[in-house]
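Q: Sequence and computational prediction follow.
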Number of protein chains: 2
Amino acid sequence: MQEGTGKWYGYCMVTNKKIILQTDPFDNNCPSRRALDLISDKWTSLIIYLLSDGPQRYTQLKRQIGGISQKMLTQTLRKLEEEGLVTRTVYPTAPPSVEYALTPLGETLLEPLVRLLEWAQTFGLQMRSPASEAV
Amino acid sequence: MQEGTGKWYGYCMVTNKKIILQTDPFDNNCPSRRALDLISDKWTSLIIYLLSDGPQRYTQLKRQIGGISQKMLTQTLRKLEEEGLVTRTVYPTAPPSVEYALTPLGETLLEPLVRLLEWAQTFGLQMRSPASEAV
DNA sequence: CAGAATCCGACCTGATACTG
DNA sequence: CAGTATCAGGTCGGATTCTG
């Protein structure tokens, strides 16, 4: 039943490559949905990857990503921290120093994410080949 | 040095879990980026999964997903078709019938996507859900 | 250094109406 | 059935300015 204003997401579960869709408009806590939302973020995956090399400081991350605005970097890091994928450690030195690192949970995300990027590298180049399609 | 108007994405490549970031503001064709953009879509992964059970018709998909608008369903399917992940077959019957199916390329995407959702199911629950959800 | 707060345009999205 | 076209609201993201 559509609640008019309230928008909701498909509730997806994977069981042996089978999908069960639930349609509870009030259940927004679907882990699958949350995970997808997470990596759907434009910068999340990049940050996760950068942190896979070890803890990094704020400016370090910013410099490496380059195109990210400080707002987005902070926002993304905060979200990752909130979700428990990244830790934020503040060293109260004279110039403030903040270090971000992956949590064990965050490191588990690394693996499926790598698979996805590997897919992208292997097959991504085949995308957008309109001539190779015979409908 | 920011190039002013042109916004750009991090160009990421994975090599043995190592990341190489390139910062060419004009190269928007990064396969990794494209792949992430693809699954970052709210509905893409759901559709891919539904199609993993075999070809489905437009209304069939719509009914199963439920909360999706026609616009979004069509838009997403078009994008997937354009990227070569989905085929669109029109049967010129009396009531028009259109069938969507995964291409071989689309099926290859299924695997990493499954890994991601499996991760979500296994570890997603460990993520801290923001208690400020009332939707 | 590491942000917070603000403004503002671009884009995404859903609702609605119409079509072969 | 399977769309297309259009419009309005909301969100996202970047640039800028200010702070401890």
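A: Thanks, I have the structure now. Residues are numbered from 1 along each chain as shown, chains lettered A, B, ... in the order given.
Q: Please count neighbours and contacts with C-alpha atoms only from this point.
A: Fine.
Q: what sits up against the longest helix anywhere in chain A?
A: If you go by DSSP state H, chain A has its longest helix at helix A:104-123. With contacts defined as C-alpha atoms under 8 Å, 6 or more residues apart in numbering or on different chains, helix A:104-123 is touched by A:45, A:48-49, A:52, A:84-86, B:13-14, B:17, B:31-32, B:34-36, B:105, B:108-109, B:112-113, B:115-116, B:119, B:123, B:126.
Q: List the buried residues in that helix.
A: Buried residues in helix A:104-123, counted by 16 or more other C-alpha atoms under 10 Å in any protein chain shown: A:105-107, A:109-110, A:112-121, A:123.
Q: okay, now the domains of chain A?
A: Following automatic domain parsing, one finds the domains of chain A at A:1-40, A:42-118.
Q: pLDDT on the longest helix of chain A, on average?
A: Averaged across helix A:104-123, the pLDDT comes to 86.
Q: Could I have the CA atoms of it written out in PDB?
A: Only the C-alpha atoms of helix A:104-123 are listed here, as PDB (Å, rounded to 0.1, in the frame of the first residue of the first chain):
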ATOM      1  CA  PRO A 104      37.600  -4.600  11.300                       C
ATOM      2  CA  LEU A 105      34.100  -4.300   9.900                       C
ATOM      3  CA  GLY A 106      35.300  -1.800   7.400                       C
ATOM      4  CA  GLU A 107      38.000  -4.200   6.200                       C
ATOM      5  CA  THR A 108      35.400  -6.800   5.600                       C
ATOM      6  CA  LEU A 109      33.700  -4.500   3.200                       C
ATOM      7  CA  LEU A 110      36.900  -4.100   1.300                       C
ATOM      8  CA  GLU A 111      36.700  -7.600  -0.200                       C
ATOM      9  CA  PRO A 112      33.300  -7.400  -2.000                       C
ATOM     10  CA  LEU A 113      34.200  -3.900  -3.000                       C
ATOM     11  CA  VAL A 114      37.400  -5.100  -4.600                       C
ATOM     12  CA  ARG A 115      35.400  -7.700  -6.500                       C
ATOM     13  CA  LEU A 116      33.200  -5.000  -7.900                       C
ATOM     14  CA  LEU A 117      36.100  -2.900  -9.100                       C
ATOM     15  CA  GLU A 118      37.800  -5.800 -10.500                       C
ATOM     16  CA  TRP A 119      34.600  -6.500 -12.400                       C
ATOM     17  CA  ALA A 120      34.600  -3.000 -13.600                       C
ATOM     18  CA  GLN A 121      38.100  -3.300 -14.900                       C
ATOM     19  CA  THR A 122      37.500  -6.600 -16.600                       C
ATOM     20  CA  PHE A 123      34.100  -6.000 -18.000                       C
END
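Q: Run the angle between it and helix B:104-123 for me.
A: Per axes from the mean of the first three to the mean of the last three C-alpha atoms, to 10 degrees, the angle that helix A:104-123 makes with helix B:104-123 is 180 degrees.
Q: okay, the angle between the helix or strand containing A:L50 and helix A:104-123?
A: Taking DSSP states H and E as the criterion, A:L50 maps to helix A:44-51. Put simply, helix A:44-51 runs at 110 degrees to helix A:104-123, going by the same axes, to 10 degrees.
Q: So which elements touch helix A:44-51?
A: Here helix A:44-51 touches helix A:58-65, strand A:97-102, helix A:104-123, strand B:18-22, going by 3 or more C-alpha pairs under 8 Å, 6 or more residues apart in numbering or on different chains; DSSP states H and E.
Q: Let's have the ones you listed in a markdown table, adding distance to DNA strand C.
A: Below are the helices and strands packed on helix A:44-51 laid out as a markdown table (distance: least, C-alpha to the nearest atom of the strand, whole Å):
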| stretch | distance to DNA strand C |
| --- | --- |
| helix A:58-65 | 4 |
| strand A:97-102 | 4 |
| helix A:104-123 | 18 |
| strand B:18-22 | 19 |
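Q: Next one, pLDDT for the residue of chain A found nearest chain B please.
A: Using C-alpha to the nearest C-alpha, A:S40 is the residue of chain A that sits closest to chain B, at 3.8 Å. In this model, A:S40 is scored at 74, pLDDT.
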